[in-house]
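**Student:** A structural model of the following input is requested.
(one chain, ligands or ions: 1)
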Amino acid sequence: MISPVRWDGCCLVLLDQTRLPIEEVDKPCASWQEVADAIRSLVVRGAPAIGVAAAFGVALAARQSRAVDGESLITDLEEAIKGLGATRPTAVNLFWALERMRRVAIANRRAPIDELRARLVGEAQTILDEDVAANRAMGAHGAALVPDHARILTHCNAGALATAGYGTALGVIRAAHERGKLALVWVDETRPVLQGSRLTAWEMAREGIPHRLISDVAAASVMQRGEVDLVVTGADRIAANGDTANKIGTYGVAVLARHHRIPFYVAAPFSTIDPSIETGAAIVIEERDPAEVRGVAGRQTAPATSPVFNPAFDVTPAELIDAIITERGVYRSPYRFR
Ligand code: MRU
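**Tutor:** Got it, this is the predicted structure:
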């Protein structure tokens, strides 16, 4: 199994996703600051993987701290939690994982300091293990929705690389493949940062899963030709009413799917659901470096002075989503996540 985030006993080891698919290189992180940099620069990306990495970031902060008692350790952890929380605003798994780590620190603040440190590493590992288990459960629930000989279109990378392993949308696709139901995966290349072509295609090629890469602008035509049976994507944050933030371009794919009467599914763990917001209007959308749009893979393809709008995510309204696949089962409209 592809493991993009792992603990080696003293460091967090990340598979550097900025170097894929050209080379497989690990990036060890020995401090929470290095974890924060890795999240910001997309060395580790994808909502669940960001959450798992941040949890280990807090565990690393506890090991970096010279505090001799629980209360002062928590003061040091708060600085790390703030720094890690400032890396990327949209994926709620980041804040969910940080809050979970904070609670463990507070609950164990009277424990011997080294035991507290060990418990934080243990909690981060539990978050990682639970994520893989959730993805496998999600895969099983999602595969039941997939017809035989299915041609499935996906956008971005919601695979093993975006999680602790197995994947959410790609977990559903993997499970369908394991059950002999999959004919083909249409992989949107996913401009501007190409998570589809660089990462999803890499995962599919590595495991011999039949796939075909398309430029984003080809998705409409492939649907019009009747060559897509369903769409499944991941999510970065799901509001209580089911509105879903995911990689920029997902909304467009959902509109196309509805026009062509193709089921559009979202696969995500409960750690991606944010019941504190009623609708997607409250989701903060990250805007990234204009250079991502002015060029491709570091090569400039637009005037250096052209103004750019580069939102990393968009919000698909709940009414375009036929079902939300979670580890607890399949939810259908009207969504009421409380
Ligand atoms: O900017 P990224 O690569 O972190 O965006 C990732 C996505 O939008 C994924 O689809 C989402 O996080 C779900 S990952 C299981």
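**Student:** burial count for Glu319?
**Tutor:** For Glu319, the count of nearby residues is 13 (other Cβ atoms under 10 Å). (Each C-beta comes from the backbone N, C-alpha and C, glycine too.)
**Student:** which parts of stretch 255-265 are buried?
**Tutor:** Of the residues in stretch 255-265, 256-258, 262-265 count as buried by neighbour count, 16 or more other Cβ atoms under 10 Å.
**Student:** tell me where the chain has helices.
**Tutor:** 32-40, 47-64, 70-85, 92-107, 113-143, 169-178, 195, 201-207, 219-224, 250-259, 291-294 (DSSP state H).
**Student:** Throw those helices into CSV and include distance to Val315 and mean pLDDT, thanks.
**Tutor:** Below are the helices of the chain laid out as CSV (distance: least, Cβ to Cβ, whole Å; pLDDT from 0 to 100):
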stretch, distance to Val315, mean pLDDT
helix 32-40, 22, 98
helix 47-64, 14, 98
helix 70-85, 21, 97
helix 92-107, 13, 98
helix 113-143, 21, 98
helix 169-178, 17, 98
helix 195, 18, 98
helix 201-207, 26, 98
helix 219-224, 18, 98
helix 250-259, 7, 99
helix 291-294, 19, 98
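**Student:** between those helices, which gets nearest to the ligand?
**Tutor:** Each of the helices of the chain has some distance to the ligand by Cβ to the nearest ligand atom; the shortest is helix 47-64, at 3.6 Å.
**Student:** which parts of that closest one are buried?
**Tutor:** For helix 47-64, by 16+ other Cβ under 10 Å, it's 47-63.
**Student:** so what secondary structure elements neighbour that helix?
**Tutor:** strand 5-7, strand 12-15, strand 26-29, helix 32-40, helix 70-85, helix 92-107, helix 113-143 (3 or more Cβ pairs under 8 Å, 6 or more residues apart in numbering; DSSP states H and E).
**Student:** before we move on, the earlier item: in JSON lines, list the helices of the chain along with distance to the ligand.
**Tutor:** Formatted as JSON lines, those follow (distance: least, Cβ to the nearest ligand atom, whole Å):
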{"stretch": "helix 32-40", "distance to the ligand": "9"}
{"stretch": "helix 47-64", "distance to the ligand": "4"}
{"stretch": "helix 70-85", "distance to the ligand": "15"}
{"stretch": "helix 92-107", "distance to the ligand": "8"}
{"stretch": "helix 113-143", "distance to the ligand": "8"}
{"stretch": "helix 169-178", "distance to the ligand": "7"}
{"stretch": "helix 195", "distance to the ligand": "5"}
{"stretch": "helix 201-207", "distance to the ligand": "12"}
{"stretch": "helix 219-224", "distance to the ligand": "15"}
{"stretch": "helix 250-259", "distance to the ligand": "7"}
{"stretch": "helix 291-294", "distance to the ligand": "10"}
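**Student:** make TSV out of the ones you listed and add distance to Gly242.
**Tutor:** TSV is the format used below for the helices of the chain (distance: least, Cβ to Cβ, whole Å):
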stretch	distance to Gly242
helix 32-40	27
helix 47-64	16
helix 70-85	25
helix 92-107	14
helix 113-143	16
helix 169-178	16
helix 195	23
helix 201-207	27
helix 219-224	22
helix 250-259	12
helix 291-294	29
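**Student:** surely Met1 and Gly165 touch.
**Tutor:** Yes - when contacts are counted by Cβ atoms under 8 Å, Met1 is listed as touching Gly165 (4.9 Å).
**Student:** the more surrounded of these two?
**Tutor:** The residue with more neighbours, out of Met1 and Gly165, is Gly165; 24 against 9, by other Cβ under 10 Å.
**Student:** can you tell me how far that one is from the ligand?
**Tutor:** 11 Å (Cβ to the nearest ligand atom, to the nearest Å).
**Student:** what's the burial count for the residue in the chain that the ligand sits nearest to?
**Tutor:** Closest residue of the chain to the ligand, Cβ to the nearest ligand atom: Gly234 (2.7 Å). Here the count is done by other Cβ under 10 Å, and Gly234 has 31 residues near it.
**Student:** and the nearest residue to it once chain neighbours are set aside, how many neighbours?
**Tutor:** Once flanking residues are discounted, Gly234 sits nearest to Ala158: 2.6 Å by Cβ to Cβ, 6 or more residues apart in numbering. Using other Cβ under 10 Å, Ala158 has 33 other residues around it.
**Student:** who touches Ala158 in this structure?
**Tutor:** 46, 167-170, 233-235, 267 (Cβ atoms under 8 Å, 6 or more residues apart in numbering).
**Student:** ditto for Arg109
**Tutor:** 70-71, 73-74, 116.
**Student:** of the residues you listed, buried ones?
**Tutor:** The neighbour-count test (16+ other Cβ under 10 Å) marks 70, 73-74, 116 as buried among the contacts of Arg109.
**Student:** from those, which is closest to Thr272?
**Tutor:** Ile74 (27.0 Å; Cβ to Cβ).
**Student:** hang on, that closest one packs against Ala105?
**Tutor:** Yes - using Cβ under 8 Å, Ile74 is in contact with Ala105, at 5.4 Å.
**Student:** what distance do you get for the closest residue to Trp186 other than its chain neighbours to Gly242?
**Tutor:** The shortest distance from Trp186 to any non-neighbouring residue, by Cβ to Cβ, 6+ apart, is to Leu153 (4.0 Å). Separation of Leu153 from Gly242 (Cβ to Cβ, to the nearest Å): 20 Å.
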